[in-house]
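S.K.: Need a 3D model of the following:
(2 chains)
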Amino acid sequence: MSLLERFKAGLARSRQGFARRLDFLFKEGELNEAFYQELEEALIAGDVGVETSLKLVEQLRQDAARNRLKEREAVRELLLQKLTEILTAPEEEPAPIEPPLVILLVGVNGSGKTTTAAKLARLYREQGRKVLLVAGDTFRAAAIDQLQVWADRAGVDLIRQQPGSDPSAVFYDAINAARARQVDVVIGDTAGRLHTKVNLMEELKKIHRVIGRLHPGAPHQVLLVLDATTGQNGIAQAARFNEAVPVTGVVLTKLDGTARGGIVVAVRETMNIPVRYIGVGEKMEDLAPFDPSAFTRALLAAES
Amino acid sequence: MFANLAEKLQRTLKNLRGKGKLSEKDVDAAMREIRLALLEADVNFKVVKDFVASIRERAVGQEVLSSLTPGQQVVKIVHQELTRLMGQEQSRLATAPHPPTVIMMVGLQGSGKTTTAVKLALQLKKGGRNPLLVAADIYRPGAVQQLEILSQSVALPCYSHSGATPVEICTGALKQAFREGNDHVIIDTAGRLHLDEAMMQELKEIKAAVKPAEVLLVVDAMTGQDAVNAAAAFHESVGLTGIILTKLDGDTRGGAALSVRAVTGCPVKFAGVGEKVEALEPFHPERMASRILGMGDVLSLIEKAEAAMDRDKARELEKKLRRQEFTLEDFRDQLQQLRSMGPLDQILEMLPGGAIPPEIKKLSVNEKQFTRIEAIIGSMTREERQNPSIINSSRRRRIARGSGTTVQEVNRLLNQFSQMQKMFKQMGNLEKQGRLKKLKKGKRGFPFF
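M.R.: Purely as a prediction, here's the structure:
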């Protein structure tokens, strides 16, 4: 199966529930209040969140009235457009940086940081870049071994220290090693932490500081790894992590399940943090760049 | 945010005051708020629908108790119903008639099965049992080592067998348990998607081979609407006996608890509340109901406060407050203790609405300001801290310079402090009249609230 097929298969599964609902909804019929209410419910069911869903449907209602839309189909297209618009990040020319590019993965426990680190490493390696992985999760038992297995599979080096050591020290080593070995991309795994744990968030800030001191401008990307099954707490997660270390993007993982990951709409709306990648499986190849229009189409099942 | 359902309902129902009964129209308005609050808490929308319908029936025609406002009355009904739905009281682990009792941990990837397996084993061990942990996750790299390391750290035996299939591992573990006399066997299975037929088949095979007394679904408390899909699928194909909710130590409202319970009918047996191996608690339906409703988890807050506070210090402070000798020094101590409990707005969110005077809210929401306030107090002399009234303008300038702040900020702090003193004074007076007695119950010397 090609990556795209896998990605599609994952998305197809993830949209089944949602698609059925919307297909039903968007069957011909008049634009009445019941329709809008069902629409609102469908968005909520996709974890888009109450506030965002209400807002979206209200806008939709107004736009439909303004443009004298009569067909459900037309309103669906409008919703599609809106969602895609929200999720589309402006194209930015990446600022030239002094190598290595440093990417830090952060997130709550069990969101999929370690696996994502490995997948990202493979992605960059495929592009012919020299990659270094950093075992920054020194807390969880066997997290280092887990990443070592992935690093071996991906054929990239791993900087590691003893379990329980200071993660900032691991990153200090890693940046120095990356320079010495003329590495292009450094990808750092960190321990999972609930965004409410003050001391752990302080630890994260310290990691960020130490990297920045050693390599000005770094980490260039801080990616928040968000589990697609996450509900409204995803907003709090994004907000807290973003407060601690400026988050540049989201990796939405586990999209191969039935969860729809609608929380990213709210995260984008409230914090302006774009989604960069999606995870669609347990294999190393199961990571794809985020495509807002494909994601939205899949979410609303436009092509079926 | 719907953090304050009671307040909202109160607004919706304020015209009701004086009416004897809740009419259908009143209830409709209230139900909308309840629906939104539950959705915001991640309760599945279908579950919400059923729930609201059942509540509605109960609420219409209810007499409004004279002791409560209509809003409170509705919240009370909702809270009771939620608690009832999640199981009135704690549900215990089943024991097999002939040992060993086999417990299977199942769930999605990253829900916390491995950590929870060890937590559960440790609890059994502390209860005088002799559990054996089984590493049946042969797929995720490092999963077996993770369980081995964690087991070792709490001196529990762990069975693993590289090269064997999960079913072989589990039957092998069972044999060892018979031999070694382990009365409990806890199987850590691999995380899997409920859509993955091959992997779900594997669970069925393990279950058929080991005949577990408990099949526990481990659910991340932060899960959203999808919780029902996964839970239903696991229940359908494997047959669950209970649920463990993990990561409840965060700030999630945890509506998944209700969703999962509603869709499987299985009780939530435990809650994971931290990364440490001891952090597993019995599930409290009543507290969960408050949490889902955003009514504030006061009991947990008190526990948190107690954990963070030095009891003797608290008692001393209480005395001081009562004698109205609260100084800036005590204030600083309080701030530091408050901070050690976690981010402030979260702590505030745990409180039921309206319990915090607005002056305090204003003062404390900005976490960064804490550092500045501490710096300002730190730049005062001992005498100034004990008796702020001596701080004249030249002292103010010095304090501002010393703390890297401005005179305005110093002024603001002094003003707020004097307001606070006034408030405490009032509280003290009230107490003398015995009117605060009810409020004080359970507070145990936590002066801010």
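
S.K.: Tell me how far residue A:184 lies from residue A:127.
M.R.: 9 Å (C-beta to C-beta, to the nearest Å). Any C-beta I mention is one placed from the backbone N, CA and C, and that applies to glycine too.

S.K.: Do a quick rundown of the helices in chain A.
M.R.: A:3-26, A:33-45, A:50-66, A:72-87, A:113-126, A:143-154, A:167-180, A:198-214, A:233-244, A:263-271, A:292-300 (DSSP state H).

S.K.: domain parsing for chain B?
M.R.: Domain segmentation of chain B under automatic domain parsing yields B:3-86, B:101-295, B:310-437.

S.K.: Out of the ones you listed, flag the one nearest residue A:157.
M.R.: If you check each of those against residue A:157 by C-beta to C-beta, domain B:101-295 wins as the nearest, at 16.8 Å.

S.K.: Near chain B, which residues of the stretch 51-200 of chain A are found?
M.R.: A:51, A:108-112, A:139-147, A:149-150, A:163, A:194-198 (C-beta under 8 Å from any C-beta of the partner chain).

S.K.: mind listing what the residue nearest the centre of chain A touches?
M.R.: The C-alpha lying nearest the average C-alpha coordinate of chain A belongs to residue A:251 (C-alpha atoms, centre = their mean; 1.9 Å). The contact partners of residue A:251, by C-beta atoms under 8 Å, 6 or more residues apart in numbering or on different chains, come to A:105, A:112, A:116, A:223-226, A:275-279, A:287.

S.K.: which of these lies closest to chain B?
M.R.: The shortest gap between chain B and any of the contacts of residue A:251 belongs to residue A:112, at 6.0 Å (C-beta to the nearest C-beta).

S.K.: Quick one: neighbours of the closest one, just the number.
M.R.: Residue A:112 has 23 neighbours, counted by other C-beta atoms under 10 Å in any protein chain shown.

S.K.: Equivalent analysis for residue B:239, please.
M.R.: 14.

S.K.: Show the contacting residues for it.
M.R.: The contact partners of residue B:239, by C-beta under 8 Å, 6+ apart, come to B:207, B:215.

S.K.: what about the residue lying closest to residue B:267 once chain neighbours are set aside, helix or strand, and which?
M.R.: Nearest residue to residue B:267 in three dimensions, chain neighbours excluded: residue B:91, at 3.8 Å (C-beta to C-beta, 6 or more residues apart in numbering or on different chains). For residue B:91, there is no enclosing helix or strand under DSSP states H and E.

S.K.: my guess is residue B:91 contacts residue B:241, does it?
M.R.: No: contact criterion C-beta atoms under 8 Å: residue B:91 and residue B:241 do not qualify, at 9.7 Å.

S.K.: re earlier: which one of the domains of chain B lies closest to residue A:175?
M.R.: Set against residue A:175 and scored by C-beta to C-beta, these come closest in domain B:101-295, at 24.7 Å.

S.K.: So for that closest one, mean pLDDT?
M.R.: Averaging pLDDT along domain B:101-295 gives 94.

S.K.: same thing with stretch A:41-57?
M.R.: Here the average pLDDT along stretch A:41-57 is 89.

S.K.: now the end-to-end length of it.
M.R.: In stretch A:41-57, first residue to last residue: 10 Å (C-alpha to C-alpha, to the nearest Å).

S.K.: from the middle of its chain, how far away would it be?
M.R.: Computed by C-alpha atoms, centre = their mean, to the nearest Å, the chain-centroid distance of stretch A:41-57 equals 19 Å.

S.K.: Same check on stretch A:68-76?
M.R.: Counting by C-alpha atoms, centre = their mean, stretch A:68-76 is centred 31 Å from the centre of its parent chain.

S.K.: What of stretch A:124-138?
M.R.: 18 Å.

S.K.: and the end-to-end length of that stretch?
M.R.: End residues of stretch A:124-138 are separated by 24 Å (C-alpha to C-alpha).

S.K.: List the buried residues of it.
M.R.: Within stretch A:124-138, the residues that count as buried by 16 or more other C-beta atoms under 10 Å in any protein chain shown are A:124, A:125, A:129, A:130, A:131, A:132, A:133, A:134, A:135, A:136, A:137, A:138.

S.K.: contacting residues for the first one?
M.R.: For residue A:124, the residues meeting the contact criterion (C-beta under 8 Å, 6+ apart) are A:131, A:184, A:185, A:187.

S.K.: Which members of the residues of the stretch 51-200 of chain A next to chain B are classed as buried?
M.R.: Looks like those have A:51, A:108-112, A:139-147, A:149-150, A:163, A:194-198 buried, using 16+ other C-beta under 10 Å.

S.K.: count of residues packed around residue A:237?
M.R.: The number of residues packed near residue A:237 is 30, by other C-beta under 10 Å.

S.K.: How about the contacts made by it?
M.R.: By C-beta under 8 Å, 6+ apart, the residues touching residue A:237 are A:107, A:108, A:195, A:224, A:226, A:230, B:222.

S.K.: you'd agree residue B:186 is in a strand?
M.R.: Yes: checked against DSSP: H, G, I helix; E, B strand; the rest coil, residue B:186 lies within a strand.

S.K.: Bridge partners for it, pull those for me.
M.R.: Per DSSP bridges, residues listed as beta-bridge partners of residue B:186: residue B:103, residue B:133.

S.K.: Was I right to think it contacts residue B:117?
M.R.: Yes: in this structure, residue B:186 is within contact of residue B:117 by C-beta under 8 Å, at 5.1 Å.

S.K.: residues shared between the contacts of these two?
M.R.: Common neighbours of residue B:186 and residue B:117 (C-beta under 8 Å, 6+ apart) are B:105, B:133.

S.K.: in the helix or strand hosting residue B:209, what counts as buried?
M.R.: Remark: residue B:209 resides in helix B:197-210, with elements defined by DSSP H and E. For helix B:197-210, burial by neighbour count (16+ other C-beta under 10 Å) applies to B:199, B:200, B:202, B:203, B:206, B:207, B:210.

S.K.: Does it reach chain A?
M.R.: No: using C-beta under 8 Å from any C-beta, helix B:197-210 stays clear of chain A, with a minimum separation of 10.2 Å.

S.K.: In terms of secondary structure, what does that helix contact?
M.R.: Applying 3 or more C-beta pairs under 8 Å, 6 or more residues apart in numbering or on different chains; DSSP states H and E, we find helix B:197-210 packed against strand B:101-106, helix B:166-180, strand B:184-189, helix B:227-238.
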